[in-house]
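> return a 3D structure for these sequence lines:
(4 chains)
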2 protein chains.
Amino acid sequence: MPAGQRATDTAYEAVRQMILSGEAAPGTRLGEAELAEMLGLSRTPVREALQRLGADGLVEVLPHRGARVVLWTAADLEEIFELRTLLEPYAAARAARIGLEEPVLIELRGLCAAMERAAAERELARLAQLNSRFHAALIDASGNQRLPAMLTSVMHAPLILGTFHRYDAETMARSMAHHREVVDAIAARDPEWAASVMRSHLRAAAANLKEDQ
Amino acid sequence: MPAGQRATDTAYEAVRQMILSGEAAPGTRLGEAELAEMLGLSRTPVREALQRLGADGLVEVLPHRGARVVLWTAADLEEIFELRTLLEPYAAARAARIGLEEPVLIELRGLCAAMERAAAERELARLAQLNSRFHAALIDASGNQRLPAMLTSVMHAPLILGTFHRYDAETMARSMAHHREVVDAIAARDPEWAASVMRSHLRAAAANLKEDQ
DNA sequence: CTCAGTTCCATTGCATACAACGTAGGGGAA
DNA sequence: TTCCCCTACGTTGTATGCAATGGAACTGAG
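I've put the predicted structure just below:
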């Protein structure tokens, strides 16, 4: 999804960032006129952007009643992690099977290092963003062209940020180690290993989420 | 996705049916003005409908260049069946685990019977439509609210129709038997069984597709 | 005081007009 | 003849105005 020059893309990115950064809290009403004025655009591209965000699952659009930032329940989180547990290990396995170019592996390891730095400094917002990029890169690396689009609706950073807030030092270290291990498994061209680590990674996150809820 | 009274919904359903019925062949250009005039609407709701269909994966919208009905390649079909093989067995297993109300089971068995009739009469278009309804019903029955939306992009009837055309009598009978067996497995509350049959069902379809390609 | 009915207002839905982009076709130079 | 550029047209992108819907506030009766 490129930024593009179109006003629609501007609006899409702007509203998306508002949501992902937490500026627009879950449940917030997103009025077309209000956003249009804020962004210096007309309602038309804003409206289109909201439709797209609705398709992404980031906002909820009700006929004649406008758009709101979606509210996540505990059940939603459970659903999301179940779906990720199905799809991401598959993506990791495929990436391992088809093999990745050296530059891609280097990029993934770079993200691992960056995440570890962010974790050490408790820069959780930055960590969540890097984490999203890491998982997105892996999904792209799977070679399945449909997977990225399918997962956009369940890979939203605000969720991830919420999970990182709960992590203690040990859990955090384990999560970082998982990232490294997935990349090593892929580099070793071992699909079973890659899928297995990814599954562990996601189940660990899901378990942590359930604990205090 | 309800029909709704809005012009946008009218346009969405109309164009969707054009594609699913084959009236608009893959690769066909979908001009906004042309569709608008055909449907007696303005370009605005048509445009919105095309965006939604783009998100569904039924049409491809290129900036400044309009929308076309998507073209499926063999690789696309392979991808789609891989994703369905991941998600639908999961759906069947969940349906078996949580258990279904008697009316739902009756509805599913009704669809099985209807499909068998359609298959016997070689009413393949009708069969494809019933088949879509059957799978959609199962996905709904999984209880995972996100699954239906995720699978819309890979559950398009034209594909299925294409597969049925290739079926000989034996393969067709096997496919129908799979449907019955999945329902029985769910009724028996056996998740493993349900998932396994569904997996067989999809792999059989995928194998058939690859044969003469 | 509570609740139902009604009116008003804010907001979304749709239509139309204009602007901007992309493509196809023609004309000129090498 | 061939290639490139440039112009013209058709299409998409955006803005704006009006219509229609939904909700809230107000009023009246019970």
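> give the contact list for residue A:210.
A:74, A:78 (Cβ atoms under 8 Å, 6 or more residues apart in numbering or on different chains). C-betas here are computed from N, CA, C, even on glycine.
> repeat for residue A:42
By Cβ under 8 Å, 6+ apart, the neighbours of residue A:42 are A:7, A:36.
> quick one: buried residues of the helix of greatest length in chain A?
In terms of residue count, the longest helix belonging to chain A (DSSP state H) is helix A:74-98. Along helix A:74-98, these residues count as buried under the neighbour rule (16 or more other Cβ atoms under 10 Å in any protein chain shown): A:76-77, A:79-97.
> next: stretch A:183-199.
A:183-187, A:190-191, A:193-199.
> could you dump the worst-scoring helix or strand of chain A on mean pLDDT to PDB, C-alpha only?
Lowest by mean pLDDT, DSSP states H and E among the helices and strands of chain A is helix A:157-166, with a mean of 74. Only the C-alpha atoms of helix A:157-166 are listed here, as PDB (Å, rounded to 0.1, in the frame of the first residue of the first chain):
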ATOM      1  CA  ALA A 157       0.100  -2.100  15.900                       C
ATOM      2  CA  PRO A 158      -2.100  -0.800  18.800                       C
ATOM      3  CA  LEU A 159      -2.800  -4.400  19.800                       C
ATOM      4  CA  ILE A 160       0.900  -5.300  19.800                       C
ATOM      5  CA  LEU A 161       1.700  -2.200  21.800                       C
ATOM      6  CA  GLY A 162      -0.800  -3.400  24.400                       C
ATOM      7  CA  THR A 163       0.900  -6.700  24.600                       C
ATOM      8  CA  PHE A 164       4.400  -5.300  25.000                       C
ATOM      9  CA  HIS A 165       3.300  -3.200  28.000                       C
ATOM     10  CA  ARG A 166       2.500  -6.300  29.900                       C
END
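> that helix - contacts with which helices or strands?
Counting contacts by 3 or more Cβ pairs under 8 Å, 6 or more residues apart in numbering or on different chains; DSSP states H and E, helix A:157-166 packs against helix A:7-20, helix A:124-141, helix A:191-211.
> residue of chain A nearest chain B, please.
residue A:55 (3.6 Å; Cβ to the nearest Cβ).
> now do the longest helix of chain A against helix A:124-141: the angle between them, please.
Relative orientation of helix A:74-98 versus helix A:124-141 (axes from the mean of the first three to the mean of the last three Cα atoms, to 10 degrees): 50 degrees.
> quick one: is helix A:74-98 near chain B?
Yes: interface with chain B: helix A:74-98 contributes A:76, A:79, A:80, A:82, A:83, A:86, A:87, A:90 (Cβ under 8 Å from any Cβ of the partner chain).
> for residue A:196, which non-adjacent residue is closest in space?
Leaving aside its sequence neighbours, residue A:196 sits nearest to residue A:89 (Cβ to Cβ, 6 or more residues apart in numbering or on different chains; 7.3 Å).
> helices and strands around the next helix or strand after the least confident helix or strand of chain A, which ones?
Per DSSP states H and E, the first helix or strand lying C-terminal to helix A:157-166 is helix A:169-187. Helices and strands touching helix A:169-187, by 3+ Cβ pairs under 8 Å, 6+ apart, are helix A:74-98, helix A:102-120, helix A:124-141, helix A:191-211.
> including distance to residue B:22 and mean pLDDT, could those go into CSV?
Listed next are those as CSV, based on distance: least, Cβ to Cβ, whole Å; pLDDT from 0 to 100:
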stretch, distance to residue B:22, mean pLDDT
helix A:74-98, 30, 94
helix A:102-120, 40, 96
helix A:124-141, 32, 93
helix A:191-211, 38, 93
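> sweet, I'm off.
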